[in-house]
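[1] Build the 3D model from these lines:
(chains A and B)
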Amino acid sequence: MPAPDTNSDVSALAAAPGLGEEWHLDLHAQGVRRDEAVAHLHGLLLRAARFEVFRRRGSLPQLCAVELDELAREAADDAAVSVLRRLDDFRGESSFRTWAYKFALFEAAVKVRRRAWRDREVTLEPEHWESLAHLGPGPDGDAENAALLEVVRDGIRTALTPRQRQVLVAAVLEGVPIDVLAERLASNRNALYKLLHDARRRLRAYVAEAGFPEVNE
Amino acid sequence: MTGRDLDPTLKRLLGSNEPEIGCDDCFAQLDRYVELELAGAPADELVPGLRAHLVGCPACAEEHESLRALLELDSVS
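    Next comes the predicted model:
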């Protein structure tokens, strides 16, 4: 099955027969008007979800086009639920279409990342840091970077909490997507990013104190 | 040492000292931010802290890129 064409149905979605520019107001209505508006919304969300899934399909080489499209449909369904639940959050600061698109892109992106990492082991032991001896400035690294790296290593070992160390190492050094980490740690993206942000701030403070104040400027 | 010649791994470990918003706020404001960007408006001034967040958060950065690309695609369709 060929990849769905995410480009061909845009004009139809923009000006659906019988639906005016303010079609999204009908999402608050009842009966047939609402049903038509929901169907139109779902079309928009499916377009965005397909766009995202096929854009990121390189990370899912094991899935065929049908499976990728199924993933996009699941993302569009979940996004529709989120949009309908949060309709009152729409303040008109962007077009409704843009506002709705971001829900589908988010759902699709999270599903792609989680599927890509589903069978991959994520080492979440904070002590795993100790085994990352390969981290270094590399052959092109200069002496100053090498000295800074040593201080950063010390900072990770001594200035961070085990939880901060765990998240920083997994997210930054092992490249584990934050949604995958959130799933495995029974947390959420916002909370984990705050933890990562706090870890970085603490690490910068340690490094600045150790003789590299420029990292905190 | 300037930020420009810092090792990329060290940059990602240390992050930025710029004020930034979190993932939830980024999601809440992303649609407005991208439309401002595409309109040529000063998005970074009007939505402070979002650009710094995109630098520090690869997941939100991917979604920003995708929303921007999708709207650009719509505009030529």
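[2] ok, the nearest residue to A:Leu203 once chain neighbours are set aside - contacts?
    For A:Leu203, ignoring the flanking residues on the chain, the nearest one in space by C-beta to C-beta, 6 or more residues apart in numbering or on different chains is A:Gly155 at 4.8 Å. Glycine gets a C-beta too; all of them are placed from N, C-alpha and C. Residues touching A:Gly155, when contacts are defined by C-beta atoms under 8 Å, 6 or more residues apart in numbering or on different chains, comprise A:202-203, A:206-207, A:210.
[3] any chance of those in CSV, with neighbour count too?
    Below are those laid out as CSV (neighbours: other C-beta atoms under 10 Å in any protein chain shown):
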residue, neighbour count
A:Arg202, 17
A:Leu203, 23
A:Tyr206, 20
A:Val207, 23
A:Ala210, 17
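[4] quick one: which of those sit in helices?
    With helices taken from DSSP state H, the overlap with the contacts of A:Gly155 comprises A:202-203, A:206-207.
[5] Out of the residues you listed, which comes closest to A:Arg55?
    Minimum distance to A:Arg55 across these is 33.0 Å, recorded for A:Leu203 (C-beta to C-beta).
[6] Let me know whether the closest one touches B:Leu13 as I believe.
    Yes: the pair formed by A:Leu203 and B:Leu13 meets the contact definition of C-beta atoms under 8 Å, at 6.7 Å.
[7] Identify the contacts common to these two.
    With contacts defined as C-beta under 8 Å, 6+ apart, the residues shared by A:Leu203 and B:Leu13 are A:152, A:156, A:168.
[8] Am I right that B:Glu37 is in contact with B:Arg68?
    Yes: look at B:Glu37 against B:Arg68 with C-beta under 8 Å: they come within range, at 6.7 Å.
[9] low pLDDT regions in chain A?
    With pLDDT under 70 as the threshold, chain A has low-confidence stretches at A:1-20, A:124-141.
[10] So which other helices or strands are in contact with the helix ranked longest in it?
    Longest among the helix segments of chain A by residue count, using DSSP H, is helix A:31-55. Counting contacts by 3 or more C-beta pairs under 8 Å, 6 or more residues apart in numbering or on different chains; DSSP states H and E, the secondary-structure elements packed against helix A:31-55 are helix A:10-14, helix A:65-85, helix A:96-116, helix B:58-76.
[11] do stretch A:164-182 and chain B meet?
    Yes: judged by C-beta under 8 Å from any C-beta of the partner chain, stretch A:164-182 comes into contact with chain B at A:168, A:172-173, A:177-179.
[12] and the two most separated of those?
    The two members of the residues of stretch A:164-182 next to chain B with the most space between them (C-beta to C-beta) are A:Leu173 and A:Asp179, at 17.6 Å.
[13] More neighbours: those two, which one.
    Between A:Leu173 and A:Asp179, A:Asp179 has the larger neighbour count (other C-beta atoms under 10 Å in any protein chain shown), namely 21 against 17.
[14] isn't the more buried one right up against A:Val112?
    No: using C-beta under 8 Å, A:Asp179 and A:Val112 do not qualify as a contacting pair, with a distance of 9.5 Å.
[15] Give me the below-cutoff pLDDT ranges for chain B.
    Confidence mapping of chain B against pLDDT under 70 gives the ranges B:1-5.
[16] mind redoing it with 80?
    Under the criterion pLDDT under 80, the flagged ranges of chain B are B:1-7, B:77.
[17] Would you mind listing what in it touches chain A?
    Taking C-beta under 8 Å from any C-beta as the criterion, the neighbours of chain A within chain B are B:1-2, B:5-7, B:9-10, B:12-15, B:17, B:20, B:22-24, B:27-28, B:30-32, B:34-35, B:56-59, B:62-63, B:66-67, B:69-71, B:73-74, B:77.
[18] Among those residues, name the buried ones.
    Among these, those classed as buried by 16 or more other C-beta atoms under 10 Å in any protein chain shown are B:6-7, B:9-10, B:12-15, B:20, B:22-23, B:27-28, B:30-32, B:34-35, B:56-59, B:62-63, B:66-67, B:70-71, B:74.
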